[in-house]
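> What follows is a predicted protein model with its sequence.
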Amino acid sequence: MGEVISAIAEGVKNVVDDIAKLVTDVESTVSAIEKGINTFGAITSAQQAVLIARNPSIRSAMVDIGPGVYTLAAGDDQLQAAIRDYMSAAQNAAEETFNTQFPKVELAGSDSGVVKGFQVGGQNLSTLLSQIDSDFSNWQINCSGDTQKKMAKTIQVQVDAKGGATSTSFGRVSINTNATIHWTAAYGVFPVTTTSMGLIYGFCAGMKIGGW
């Protein structure tokens, strides 16, 4: 699948800098990222509309997510700003998808980052498994390695099925007869060099006790 670089593990700035220094065609990469940000914005807005329809009273507490327009932070150039905001957009999309799909499950935590050297159909899940294990440790979600492998494989299959195109996926896996992990992922591929791709991602999860 590629090497997972997480904002929780490395910090947003380090992830952004790590990827930005590899980019060989800034204009093409920024253009692809802008399209991805816009798509994530549309996904997030659609999920928020579902939540508002269920409970109109929450409308005042929501922040409107319009077209993806990134802003420069201190020290950022255009490429760095685009990567940073793409990560943020993916995380927002994952969180809103979680809230929509699993309204009765408390979100334990969320993460974002980049899969460096992403390949559709890549069979090496070691860094993905390592990151899931790290996230779950941070979020105090206890489950077996076999459970994490099932999740990692499901995520890989769903991302591969869409060719890395900007989208979201979600699922749930039983830990035992009384507990279930619910998760969502948002992702989108973008060019890093002429021969390699990156996959932006947002990932979140929560655990429900008592049935699905």
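Now that the structure is in, tell me what you want to look at.
> list the contacts for the nearest residue to residue 6 once chain neighbours are set aside?
What sits nearest to residue 6 in space, not counting adjacent residues and going by Cβ to Cβ, 6 or more residues apart in numbering, is residue 113, at 4.1 Å. All C-beta spots, glycine's among them, are computed from the backbone N, C-alpha and C. Under the criterion of Cβ atoms under 8 Å, 6 or more residues apart in numbering, the neighbours of residue 113 are 4-10, 15, 87, 131, 200-201.
> If I follow the layout properly, residue 43 ends up in contact with residue 94?
No - at 9.5 Å, residue 43 does not count as touching residue 94 under the criterion of Cβ atoms under 8 Å.
> Could you tell me which helix of the protein is the longest one?
helix 26-54 (DSSP state H).
> List the buried residues for that one?
For helix 26-54, a neighbour-count test (16 or more other Cβ atoms under 10 Å) marks 29-30, 32-34, 36-45, 47-48, 51 as buried.
> Equivalent analysis for stretch 106-120, please.
Buried residues in stretch 106-120 (16+ other Cβ under 10 Å): 107-118.
> Format those as a markdown table; extra columns: secondary structure.
Formatted as a markdown table, those follow (DSSP: H, G, I helix; E, B strand; the rest coil):
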| residue | secondary structure |
| --- | --- |
| 107 | coil |
| 108 | coil |
| 109 | strand |
| 110 | strand |
| 111 | strand |
| 112 | strand |
| 113 | strand |
| 114 | strand |
| 115 | strand |
| 116 | strand |
| 117 | strand |
| 118 | strand |
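> which of those lies closest to residue 181?
Distance to residue 181 across those (Cβ to Cβ) is lowest for residue 108, with 9.0 Å.
> any idea how far that closest one lies from residue 140?
As judged by Cβ to Cβ, to the nearest Å, residue 108 and residue 140 stand 7 Å apart.
> who are the neighbours of the worst-scoring helix or strand of the chain on mean pLDDT, in terms of helices and strands?
Sorting the helices and strands of the chain by mean pLDDT, DSSP states H and E puts helix 26-54 at the bottom, at a mean of 84. Helix 26-54 makes packing contacts with helix 78-101, strand 179-191 when contacts are defined by 3 or more Cβ pairs under 8 Å, 6 or more residues apart in numbering; DSSP states H and E.
> Now do it: distance to the chain's middle.
Remark: helix 26-54 is offset 12 Å from the chain centroid, using Cα atoms, centre = their mean, to the nearest Å.
> try stretch 154-171
11 Å.
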